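Chemist: Based on what follows, work out the 3D shape:
(chains A and B)
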Amino acid sequence: DGGITQSPKYLFRKEGQNVTLSCEQNLNHDAMYWYRQDPGQGLRLIYYSQIVNDFQKGDIAEGYSVSREKKESFPLTVTSAQKNPTAFYLCASSIGIRDQETQYFGPGTRLLVL
Amino acid sequence: AQSVTQLDSHVSVSEGTPVLLRCNYSSSYSPSLFWYVQHPNKGLQLLLKYTSAATLVKGINGFEAEFKKSETSFHLTKPSAHMSDAAEYFCVVGYNKFYFGSGTKLNVKP
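Modeler: The predicted structure follows:
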């Protein structure tokens, strides 16, 4: 089955800790994205990557970091600098970055702070 | 500048009655428009998309949307609601990146 997987489903972070959210896709898509979703708000773009070894900041990149060493994988690290990390995190991918390209979403990871 | 406004944060309908979820957009150019659905604690699933072909777009699960350029609207409709339609719906404008509306939660009463 082709698709996007995210792990873990739930993640708990202690104060001052960095945590990494996994995102893998087997759709052979070049572009990948990370979004943050808070209650009552639409999705906000954290980072995106058009191609391997390249990524760009989105609207709310502060306190987050990413890497894109493989086409299939786009992990997101929530650093201790992110003071309000509790949210639902969604990873997405698309064939490329053009207006009409559909983005396909993973099932999400819910991050909670202990 | 691009933006999306979903006019209702909550919509409640009875099972078997029509559904209307309203979306207005602002775009300097002809955008691509999408509707996604999200069930609780799940990812987003594409319902349908408009990319300057037919103005009436049919999607999955009986949903459709009509692109009206003069009204800058892209409302989502379904003739008869089903209990399984209860979810949150997002209208999205695609122009260089995705611009998400704030979502409409659809409640379906038995």
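Chemist: quick check: mean pLDDT across the longest strand seen in chain B?
Modeler: What stands out as the longest strand in chain B, according to DSSP state E, is strand B:87-95. This predicted structure assigns strand B:87-95 an average pLDDT of 92.
Chemist: and if you look at stretch A:74-88?
Modeler: Stretch A:74-88 comes out at a mean pLDDT of 94.
Chemist: For it, C-alpha coordinates in CSV please.
Modeler: The C-alpha coordinates for stretch A:74-88 follow below in CSV (Å, rounded to 0.1, in the frame of the first residue of the first chain):
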residue,chain,number,x,y,z
PHE,A,74,11.4,13.9,6.6
PRO,A,75,11.8,13.9,10.3
LEU,A,76,10.8,16.8,12.5
THR,A,77,12.6,17.7,15.7
VAL,A,78,10.8,19.8,18.3
THR,A,79,13.5,21.5,20.3
SER,A,80,13.5,22.8,23.8
ALA,A,81,13.3,26.3,22.3
GLN,A,82,9.7,25.6,21.3
LYS,A,83,7.9,26.8,24.4
ASN,A,84,4.4,25.7,23.5
PRO,A,85,4.8,22.4,21.6
THR,A,86,1.5,20.7,22.6
ALA,A,87,-0.3,20.2,19.3
PHE,A,88,-1.2,17.7,16.6
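Chemist: Residues contacting it, please?
Modeler: With CB atoms under 8 Å, 6 or more residues apart in numbering or on different chains as the contact definition, stretch A:74-88 has outside contacts at A:13, A:15-23, A:25, A:32-34, A:36-38, A:46-47, A:49, A:55, A:62-68, A:89, A:91, A:93, A:108-113, B:41. (Each C-beta comes from the backbone N, C-alpha and C, glycine too.)
Chemist: buried sites along it?
Modeler: Neighbour-count burial for stretch A:74-88, with 16 or more other CB atoms under 10 Å in any protein chain shown as criterion, is recorded at A:Phe74, A:Pro75, A:Leu76, A:Val78, A:Gln82, A:Pro85, A:Ala87, A:Phe88.
Chemist: Looks like B:Glu88 contacts B:Thr104 (just checking).
Modeler: Yes - counting by CB atoms under 8 Å, a contact exists between B:Glu88 and B:Thr104, whose distance comes to 6.9 Å.
Chemist: For residue 43, give me its contacts.
Modeler: Picking chain A for this. Under the contact definition (CB under 8 Å, 6+ apart), the residues listed for A:Leu43 are A:Tyr35, A:Arg36, A:Gln37, A:Leu90, B:Leu44, B:Phe90, B:Phe98, B:Phe100.
Chemist: actually it's chain B I care about, not the one you picked
Modeler: Under the criterion of CB under 8 Å, 6+ apart, the neighbours of B:Gly43 are A:Ile4, A:Gln6, A:Leu90, A:Phe105, A:Gly106, A:Pro107, A:Gly108.
Chemist: and of the residues you listed, the nearest to B:Val57?
Modeler: A:Phe105 (19.5 Å; CB to CB).
Chemist: Close to chain B: what parts of chain A are there?
Modeler: Taking CB under 8 Å from any CB of the partner chain as the criterion, chain A approaches chain B at residues A:4, A:6, A:33, A:40-45, A:48, A:58, A:88, A:90, A:92, A:97, A:99-108, A:110.
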